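build me a structure from this.
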Amino acid sequence: MLTVAAGAGAEMGEEEYQSQARPLSAVERAELQRRLEQEQAEAAQRRSRQETLERQRQLALQAWLAARPAEERLLRERCTPCHGLGVVEPARHGRLGWTWTIARMRWWHGAQVDTGEIVRLAAHLARRAREGRPAVEAPPDPETLPASESFRQHQEGRVEPRPPP
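Sure, this is the predicted structure:
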């Protein structure tokens, strides 16, 4: 048995679309406009501070990475575009094992690593495995970087600006 149900509708009348709020006076409108502009200005300042802080963090992280050993930077440049360092860490090969592993990445998967880099990477990975250390050091928490702390102190008004020379 097929039953057809009639659609139940709740149509609103024209007056129900109208706002029930009373119109604002000129003074109230001006005050509301002033508050909205103030909130927008404060939001823009917060965004600007956040963007500046993020730029400071990025610069501090770049400086930290630039100070890392050449082999570690090479490992980040050549290996992490395809896979994370979590793949590298558990593999504890010697120099020869790493040489063959990296060479296979170049032959079978087209990794952009030249022969000199293979030798340097293999020696680095084997040495770090022998020492029981990770292949690369984890970057510091951006909140602990000195540039970020200095920036935060300035933003919080804890540091007086230096007078011009």
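
give me the low-pLDDT residue ranges for the protein?
Residues of the chain that meet the criterion pLDDT under 70 lie in 1-10, 90, 140-165.

how far off centre is the longest helix seen in the chain?
Using DSSP state H, we find that the single longest helix of the chain is helix 26-66. Remark: helix 26-66 is offset 18 Å from the chain centroid, using CA atoms, centre = their mean, to the nearest Å.

which strands and helices sit next to it?
helix 70-79, helix 146-155 (3 or more CB pairs under 8 Å, 6 or more residues apart in numbering; DSSP states H and E). Bear in mind the C-beta positions are built from the backbone N, C-alpha and C, glycine included.

again, 7 Å this time
For helix 26-66, the elements it packs on are helix 146-155, judged by 3 or more CB pairs under 7 Å, 6 or more residues apart in numbering; DSSP states H and E.

next one: phi and psi at the closest residue to Gly94 other than its chain neighbours?
Nearest non-adjacent residue to Gly94, counting by CB to CB, 6 or more residues apart in numbering: Ala126, 5.2 Å away. Per-residue torsions, Ala126: phi -70, psi -40 (degrees, to the nearest 10).

so Ala126 sits against Arg95, correct?
Yes. Counting by CB atoms under 7 Å, Ala126 does reach Arg95; the two are 4.1 Å apart.

any residues touching stretch 77-97, and which ones?
101, 111-113, 117, 121-123, 126, 129, 134-136 (CB atoms under 7 Å, 6 or more residues apart in numbering).

buried ones among these?
By neighbour count, with 16 or more other CB atoms under 10 Å, those hold Thr101, Ala111, Val113, Glu117, Leu121, Ala122, Ala126, Ala129, Ala135, Val136 as buried.

just these: which are in strands?
Among the buried ones among the contacts of stretch 77-97, no residue falls in strands (DSSP state E).

most widely separated two among these?
The largest separation in the buried ones among the contacts of stretch 77-97, counting by CB to CB, is between Ala111 and Ala129 at 19.8 Å.

re the thing from before, out of the contacts of stretch 77-97, list just those in helices.
Going by DSSP H, the helices hold Thr101, Glu117, Leu121, Ala122, Ala123, Ala126, Ala129 from the contacts of stretch 77-97.

let's have those in a markdown table, adding distance to Leu75.
A markdown table is the format used below for these (distance: CB to CB, whole Å):
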| residue | distance to Leu75 |
| --- | --- |
| Thr101 | 13 |
| Glu117 | 10 |
| Leu121 | 6 |
| Ala122 | 11 |
| Ala123 | 11 |
| Ala126 | 12 |
| Ala129 | 13 |
